[in-house]
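Student: here you go, sequence then predicted model.
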Amino acid sequence: MKKTLYIFSSGELSRKDNTLFFETEEGRRFIPVEDTGEIMIFGEVTVNKRLLEFLSVKEIMLHFFNYHGYYMGSFYPREHLNSGFMTLRQAEHYLDEERRLNIAKEFVRGAARNIRQVLKYYHGREKDVARQINAVENLIAPIDECKDIPTLMALEGNIRDHYYHAFDEIVGNPDFIFQERTRRPPKNYLNTLISFGNSLMYTICLSEIYKTHLDPRIGYLHSTNFRRFTLNLDLAEIFKPIIVDRLIFSLLGKKMITKKSFDRVTEGIMMKEKARKCFVENLDEKLKTTIKHRDIGRPVSYRRLIRLELYKIEKHLMGEKEYQAFVAGW
Amino acid sequence: MNAREINVSGTLVWYYYICPREVWLIGHQITADQDDANVSLGRFIQDYTYPRERKELAVGQSKMDVFRVTDEGLVIGEVKKSSKFKSSARMQLAFYLSELRQRGIEARGELRFPKEKRKEEVVLNEQTERELDKVCREILRILYLPAPPEPKKISFCRRCAYAEFCWS
């Protein structure tokens, strides 16, 4: 599988002959282009049009994060996979309120079931989260009853609230109390980690969408205004609990990230570069981990699971097979 | 689907003999996973073999891999990774030959297997033409189906770049 290139240092990324070249004050290195799937830029990196043209041909996305580690934007090369058939189906399912709601509900259901799975795992490890499991479980059935997207989103928020209430118990570390979910800027360490992980998740989902015939601007749960990517936000809902949150718990549990990993700045709380690197490396490791897929009969990585989810959505849109969100079995 | 888009191409003939579902998917521009190792290898072979010959002759909906003009006329070649699906490759090339014939060009066909350092000649005879005719009609029938034929597990699935799409 192609690799994700993470750039933390500052320098110039350019095209050199038929490959990528990264030059910093400390040194220079060639990066095999055929082996690169996407590039995430955290450092101060200079790029030029020639490079973007090259990345476009090689179908490589570029994601930019600002100085504070927040997602800034992506270079989404011109579409290379075009299926008018699929685009029309995707729009059709957006425009028809009932169909749109159906897909949106499955995203929420998938997210809720994966949340329950995470909670159950920690319940099995003697964490007192029975109350939250109960609360989440009681909110899964009402998803079916939702009559419109705002109600559905409110219900989802509700599920998430209960879930986040379990975080303090799961983490069990006074340095990392949750309090409430805060963004832009996150008000404490745990929120900073969640925000960072989620934004990585959004870009990974976006990169996977680019490899399919789906248009990232047409989402079903997150409202579309055709200016912003939204399908990746929908998709990320399903994977955030089992990939990002689990990773955070494990990094904190192993003390790989501690309160020393953060800086307090005027804009809020920032992860230090070393902590970001540690997070990203472990996320990358996790995405590469494979599981045996029953129906496909090949080992499938976590990252691949995201792509499979998109294939399932495509098949739903084609009217071939009703979409059922992935739910972790462990 | 726009009526103008519905056209049989050589690639569809090739896939017809392997998997009808693939015919429908490709016909609807739902291409297979381009990251798949076999797909990448195919692309590599296409790009880096026969550097001295002219590449990609487009006629109608078809793109022929390589071609050269000799004293005896036009020769078109279809490049394949291996000779494993030789009979479907023959039909694909025969389809190209018949497309050229419809335009008044008599050409010779050559199957090329660069990895095996082999080539094979393909000629368009009456029997092949009859078979082609039947296949083209069958392909059109598949393309007009409102949904793709259901996935069926065959031995090809194991190495197919659509496998994850079909079986997810």
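Tutor: Looks like it came in fine.

Student: please count neighbours and contacts with C-alpha atoms only from this point.
Tutor: OK.

Student: and for B:V122, the neighbour number?
Tutor: 18 (other Cα atoms under 10 Å in any protein chain shown).

Student: so it bridges to which residues?
Tutor: Here B:V122 sits in beta bridges with B:G109, going by DSSP bridges.

Student: where does the residue in the stretch 101-250 of chain A positioned nearest to chain B land on pLDDT?
Tutor: Closest contact between the stretch 101-250 of chain A and chain B, by Cα to the nearest Cα, is at A:H213 (6.9 Å). A:H213 carries a pLDDT value of 93.

Student: and A:T36, by the same measure?
Tutor: For A:T36, the model assigns a pLDDT of 92.

Student: ok, it touching A:I60?
Tutor: Yes - counting by Cα atoms under 8 Å, A:T36 touches A:I60, with 7.3 Å between them.

Student: more crowded one of those two?
Tutor: Each of A:T36 and A:I60 has its neighbours counted (other Cα under 10 Å); A:I60 has more, 23 against 19.

Student: pull the contacting residues for the closest residue to that one other than its chain neighbours.
Tutor: Once flanking residues are discounted, A:I60 sits nearest to A:E38: 5.2 Å by Cα to Cα, 6 or more residues apart in numbering or on different chains. Shown in contact with A:E38 (Cα atoms under 8 Å, 6 or more residues apart in numbering or on different chains): A:K3, A:T4, A:L5, A:I60, A:M61, A:L62, A:H63, A:S207.

Student: now, which of those sits nearest A:R276?
Tutor: A:L5 (14.1 Å; Cα to Cα).

Student: in which helix or strand does that closest one reside?
Tutor: Using DSSP states H and E, the element containing A:L5 is strand A:3-7.

Student: could I get the average pLDDT for that strand?
Tutor: Taken as a whole, strand A:3-7 has a mean pLDDT of 93.

Student: coming back round to it: doesn't the residue of the stretch 101-250 of chain A closest to chain B belong to a helix?
Tutor: No - counting by DSSP: H, G, I helix; E, B strand; the rest coil, A:H213 falls outside a helix, being coil.

Student: for it, list the residues it contacts.
Tutor: Contact partners of A:H213, counting by Cα under 8 Å, 6+ apart, are A:L81, A:N82, A:S83, A:M86, A:T87, A:E314, B:I30.

Student: isn't the third one right next to B:I26, touching?
Tutor: I take that to be A:S83. No - taking contacts as Cα under 8 Å, A:S83 lies outside contact range of B:I26: 9.5 Å.

Student: return the residues of the stretch 51-200 of chain A in contact with chain B.
Tutor: Those residues of the stretch 51-200 of chain A that sit near chain B, judged by Cα under 8 Å from any Cα of the partner chain, are A:L81, A:N82, A:S83, A:G84, A:F85, A:M86.

Student: may I see the buried residues of whichever strand or helix holds the last one?
Tutor: A:M86 is part of helix A:84-95 when elements are defined by DSSP H and E. Buried residues in helix A:84-95, counted by 16 or more other Cα atoms under 10 Å in any protein chain shown: A:F85, A:M86, A:T87, A:R89, A:Q90, A:A91, A:H93, A:Y94.

Student: higher neighbour count, A:S83 and B:I26?
Tutor: A count of neighbours by other Cα under 10 Å puts A:S83 above the other of A:S83 and B:I26, at 19 against 16.

Student: show me the contacts for the more buried one.
Tutor: A:H213, B:H28, B:Q29, B:I30.

Student: which residues in chain B form strands?
Tutor: Residue ranges of the strands in chain B, as given by DSSP state E, are B:54-59, B:62-70, B:73-79, B:107-113, B:118-122.

Student: make TSV out of those and add mean pLDDT.
Tutor: Converted to TSV, the strands of chain B look like this (pLDDT from 0 to 100):
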stretch	mean pLDDT
strand B:54-59	76
strand B:62-70	81
strand B:73-79	85
strand B:107-113	87
strand B:118-122	86
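
Student: now tabulate the ones you listed in TSV and tack on distance to B:K152.
Tutor: TSV is the format used below for the strands of chain B (distance: least, Cα to Cα, whole Å):
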stretch	distance to B:K152
strand B:54-59	33
strand B:62-70	28
strand B:73-79	27
strand B:107-113	29
strand B:118-122	31
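
Student: nearest to A:A325, out of those?
Tutor: Proximity to A:A325 (Cα to Cα) singles out strand B:62-70 among those, at 38.7 Å.
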